[in-house]
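> After the sequence you'll find the predicted model.
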Amino acid sequence: MKVRGKVWVVTGGGSGMGRELVLQLLDRGARVAAVDVRPEGLDETARMVSAGDRLSTHVVDVSDAGAVAALPAAVVDAHGQVDGLLNNAGIIQPFVPVDQLDDAAIQRVLDVNWAGTLAMCRAFLPLLRERPEAHIANVSSMGGFFPFPGQTIYGASKAAVKLLTEGLYAELRDTDVRVSVIMPGAVQTSIGENSGVATPAAPEAESRMPVTHADEAARIMIDGIERDRLHIYVGKDALLMSIAIRVMPRRAIDLVQQQMKKMLGDQLAPSDGGVRETR
C-alpha cells in the first residue's frame, strides 16, 4: 500500500525511529497521527516539520488500555479516517539476567511491548477493515528471534509481537488489510534513555558492529510497507542473524553470549541462587 494520501497512526513518534517514521511519512505525502507518552517529544517532532493539519499529536501511554481505546475516535476526529497503523513504541529491560529482574520491571516491558501492541491492533482493526486498503505494521526486533543475554524478557515480548503479527497476517489474508512485522537490528536511537535503562558501551574492538541510523531504518520500514512485505529486516545484522539462528543456532547463540559477556561483565553473572552456565 502506498503511503501517499493515507492516514497513518505511529506510536513512539516523539523520538528515534518513531520520529523518523513520522517525518518520512509526512515527506511522502501521508497524514500522520503521532502517538507518544512524552508530550515534549511530540512537541519537538512537530517543530521539525511544517505539515499543517496533516500532523496531529496524541499523548497516550500504549500500556493504558483506556487511553488506547479512546485513541481511534481522536484520530478520526483529526483526520477523518485511518488507513495504517505502525506500532513502533517499545522499551528495553535492565541489562541483567531474568532471575535478577524485579516483577515491576518485567511487567513494564510486557505491558508496553506486548500488551500495548495488542491493544492498539484491537482498537484500530475495526476502522482498518472498513478501508478499501489498509496496513498494520508491528515493530518486533532482532531480539524477537535471536536471544541476547541480559535482554531475555525484552526478547520474549518482541517474539510475542512477531507471532501476533504473523497470526494477524493469516487471519486477515482474505481481507483488504495487509500486515508486516518489522525486525530491526542495532539502530542508533535513545531507547535506553527512554526506557530508563543504562546501556553498556561496546569494547573498542567491537565498536565496528553494524549500526543502522534511525533515518535509514525508517526508510527501509516504509519501503517494505509499500511493497506489502510480511517480514521487513532492518540492517544487515538482522538479516544475517535470521540466517544464523536457523543454520547454526547453538554456535550463533554461543558467539553472541561471549560478546555480550564482554560488554556486560559482572552484570551477566548469576546471583547466588541463580543457575550457572553449563555446556
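Happy to help now that I have it.
> Helices of the stretch 101-250 of the chain, start to end?
Counting by DSSP state H, counting those that start in this stretch, the stretch 101-250 of the chain has helices at residues 103-109, 116-129, 152-172, 191-195, 214-226, 236-247, 249-264.
> what's the angle from the second one to helix 152-172?
Between the direction of helix 116-129 and that of helix 152-172, the angle (axes from the mean of the first three to the mean of the last three CA atoms, to 10 degrees) works out to 20 degrees.
> Does helix 116-129 pack against any helices or strands, and if so which?
In terms of contacts (3 or more CB pairs under 8 Å, 6 or more residues apart in numbering; DSSP states H and E), helix 116-129 is packed against strand 7-11, helix 65-79, strand 84-87, strand 134-139, helix 152-172, strand 177-184. Placement of C-beta: from N, CA and C, glycine included.
> Direction included, what does the third one pair up with?
Spelled out, it's strand 84-87. Strand 84-87 has the following strand partners under DSSP bridges: strand 7-11 (parallel), strand 134-139 (parallel).
> need those strands in JSON lines with mean neighbour count and mean pLDDT, can you?
Formatted as JSON lines, the strands paired with strand 84-87 follow (neighbours: other CB atoms under 10 Å; pLDDT from 0 to 100):
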{"stretch": "strand 7-11", "mean neighbour count": "27", "mean pLDDT": "98"}
{"stretch": "strand 134-139", "mean neighbour count": "25", "mean pLDDT": "98"}
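> can I get those in JSON lines with distance to Met248?
Output for the strands paired with strand 84-87, formatted as JSON lines (distance: least, CB to CB, whole Å):
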{"stretch": "strand 7-11", "distance to Met248": "35"}
{"stretch": "strand 134-139", "distance to Met248": "27"}
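> Can I get stretch 36-47 in PDB, CA atoms only?
The C-alpha coordinates for stretch 36-47 follow below in PDB (Å, rounded to 0.1, in the frame of the first residue of the first chain):
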ATOM      1  CA  ASP A  36       3.900   9.100  22.400                       C
ATOM      2  CA  VAL A  37       3.800   9.000  26.200                       C
ATOM      3  CA  ARG A  38       6.100  12.100  26.300                       C
ATOM      4  CA  PRO A  39       4.400  15.400  25.300                       C
ATOM      5  CA  GLU A  40       7.800  17.100  25.000                       C
ATOM      6  CA  GLY A  41       8.900  14.600  22.400                       C
ATOM      7  CA  LEU A  42       5.800  15.100  20.300                       C
ATOM      8  CA  ASP A  43       6.200  18.800  20.500                       C
ATOM      9  CA  GLU A  44       9.800  18.500  19.200                       C
ATOM     10  CA  THR A  45       8.700  16.300  16.400                       C
ATOM     11  CA  ALA A  46       6.000  18.800  15.400                       C
ATOM     12  CA  ARG A  47       8.500  21.600  15.400                       C
END
